[in-house]
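# Need the 3D shape of this:
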Amino acid sequence: MTRVKLVNVTKVYGSVIAVDHANLDIESGELFTLLGPSGCGKTTTLRIIAGFEVPEEGQVFFDYEDVTFKKPYERNT
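Numbering: from 1, shown residues only. Purely as a prediction, here's the structure:
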């Protein structure tokens, strides 16, 4: 399993801030749920983790490797 860590991740679409300085630390093997109302950034956060979106700010780590700018197929997710 892989540890996933987001550090100050921000994603903006035009004038809409979809994810605002998000910080997550999901340990290897940990069960984790994103819960919130429609439009709060859950899907965008998952798309950033998967590599389908690139954040304007912040970093995404798998274990201790920075994968922020890696393509989805390079992330092995």
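# what sits opposite Leu6 in the beta ladder?
Leu24, Val60 (DSSP bridges).
# Determine the number of other residues adjacent to it.
21 (other C-beta atoms under 10 Å). Where you see a C-beta, it was placed from the backbone N, CA and C, and this is true even at glycine.
# Now do the same for it: its pLDDT.
Listed pLDDT for Leu6 reads 98.
# show me what contacts it?
Contacts for Leu6 (C-beta atoms under 8 Å, 6 or more residues apart in numbering) come out as 22-25, 45, 48-49, 58-61.
# what's the answer for Ala50, then?
Taking C-beta under 8 Å, 6+ apart, one finds 72, 75, 77 in contact with Ala50.
# close enough to count as contact, the second one and Val67?
Going back to what we said before, that points to Arg75. Yes - counting by C-beta atoms under 8 Å, Val67 is a contact partner of Arg75 at 5.4 Å.
# When these two are compared, which one has more neighbours?
A count of neighbours by other C-beta under 10 Å puts Val67 above the other of Arg75 and Val67, at 20 against 15.
# Just the pLDDT for the more buried one.
Confidence score, pLDDT, at Val67: 97.
# Please apply the same query to Asn76.
If you check Asn76, the pLDDT there is 81.
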